[in-house]
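Q: structure for this input, please:
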Amino acid sequence: MWSDLPLWPDQASTSAAQVDALYLFLIGLTIFLTALICGLVTFFAVRYRRRGPGDPVPEAIEGNTRLEILWTVIPFCIVMGLFVWSAALYVHLSRPPDGAMQVNVVGKRWMWKLQHLNGRREINELHVPAGSAVELTLTSEDVIHSFYVPAFRVKADVVPGRYTSMWFRATRPGTYHLFCAEYCGTKHSGMGGSVIVMEPAAFQAWLGGDTGESLVEAGTRLFGELGCATCHVDAAADSPSRGPKLAGLWGSEVTLHGGGTVTADEAYVRESILDPTAKITEGYPGVMPTFRGLMNEEQMLQLIAYVKSRGVAESAPPARKEAAQ
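A: I've put the predicted structure just below:
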């Protein structure tokens, strides 16, 4: 029904109907309140207008407790209902399910560069299987972009120097528009693409082609080329090293020099590579040099994939354990 409207895109994800329901309720509530207020103003202006100089002036009303309670309680209930509804939907959209398929996305003027875990790369196209949850890890190489797929009702800002994430579960095969929804320069309007939803069997056949290096393999190679193994080791806990060991690091609580802890996640690993002295692990000297300017965002994601592959801490949340496998 709604797809017949030119400004209403298809509902092609499990979240689309939920987003549309909230949006339609807001539109309906706005129309109802606008009509009610305008109608009452018009009615009172006509009904209680002063018709002549001899008409008596109405008595002033000091207050009506019941009426004041009514017009306070009803809007409060409506607003709180909207808050609970929208907050529940926001939490649902911001928490990907366990085992979601991982895809890395790098925004760059003026294109989207995407890479699957097995190394398969795409530019301005994203192939995904129907019926499976897909989690995107997004960052930018230059300015702020925004990854927007209207048919899925999902959008996420893509910010340089930060990792954001979004997820969706496409419901039916097809090709759907992908946009950059944040003005990013002179060719912003051309920074688009397609999300191609395939049947699971067809997707596996497409994904299993010649992919070259996987993310972990590329990260392993980069780890050696940059000389990271000189200080960081994957061996047993009693093996000496000048830097924190990577085995079981992912998702753990890292104790910092000077007090405090931090979770070993994407942001922590990225910061440790680009600004090593920002958060120094307790028990290790702050001697690591910065690698800022020596790698791009795609290589950074490859290194992060390598760190994930070194093992997940036992205390890590289940979603993180599943995603790192």
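Q: ok, and for the host helix or strand of Tyr23, which residues are buried?
A: According to DSSP states H and E, Tyr23 maps onto helix 16-47. For helix 16-47, burial by neighbour count (16 or more other CB atoms under 10 Å) applies to 16, 18-19. Every residue, glycine included, has its C-beta placed from N, CA and C.
Q: same deal with stretch 221-234?
A: 222-223, 228, 232-234.
Q: in this structure Leu222 contacts Leu303, no?
A: Yes: in this structure, Leu222 is within contact of Leu303 by CB atoms under 8 Å, at 5.8 Å.
Q: tell me the residues that contact both of those two, please.
A: Taking CB atoms under 8 Å, 6 or more residues apart in numbering as the contact rule, Leu222 and Leu303 both touch Met295.
Q: and the buried residues of stretch 221-234, which two are the farthest apart?
A: Leu222 and Val233 (16.6 Å; CB to CB).
Q: remind me which residues of this protein are low pLDDT?
A: Where the chain drops to pLDDT under 70, the residues are 1-7, 209-212, 234-240, 312-325.
Q: just to revisit the earlier point, what packs against the helix holding Tyr23?
A: Applying 3 or more CB pairs under 8 Å, 6 or more residues apart in numbering; DSSP states H and E, we find helix 16-47 packed against helix 65-94.
Q: quick one, the helix it packs on and helix 16-47 angle?
A: 160 degrees (axes from the mean of the first three to the mean of the last three CA atoms, to 10 degrees).
Q: contacting residues around the next helix-or-strand element following helix 65-94?
A: Counting by DSSP H and E, the next helix or strand C-terminal to helix 65-94 is strand 101-108. Outside strand 101-108, the residues that touch it by CB under 8 Å, 6+ apart are 112-117, 126, 128-129, 132-142, 145, 147, 158, 180, 184, 215, 297-298, 301, 323.
Q: in strands only, show me those residues.
A: 112-116, 126, 128-129, 133-140, 145, 147, 158, 180 (DSSP state E).
Q: mind listing what Lys113 touches?
A: So Lys113 contacts 105-107, 121-123, 298 (CB under 8 Å, 6+ apart).
Q: could you dump the buried residues of helix 16-47 into CSV and include distance to Ser309?
A: Listed next are these as CSV, based on distance: CB to CB, whole Å:
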residue, distance to Ser309
Ala16, 34
Gln18, 35
Val19, 35
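Q: of those, which is the nearest to Tyr176?
A: Closest to Tyr176, out of all of the buried residues of helix 16-47 and judged by CB to CB, is Ala16, at 10.6 Å.
Q: can you get me a residue count around Val158?
A: Neighbour count for Val158, taken as other CB atoms under 10 Å: 27.
Q: that one and Glu225: what is the separation?
A: 27 Å (CB to CB, to the nearest Å).
Q: same question for Ser309.
A: For Ser309, the distance to Glu225 (CB to CB) stands at 17 Å.
Q: about what we covered before: tell me the most packed of the contacts of Lys113, by neighbour count.
A: Counting neighbours by other CB under 10 Å, Gly107 leads the contacts of Lys113 with 27 neighbours.
Q: excluding covalently adjacent residues, which one is nearest to that one?
A: Nearest residue to Gly107 in three dimensions, chain neighbours excluded: His145, at 3.7 Å (CB to CB, 6 or more residues apart in numbering).
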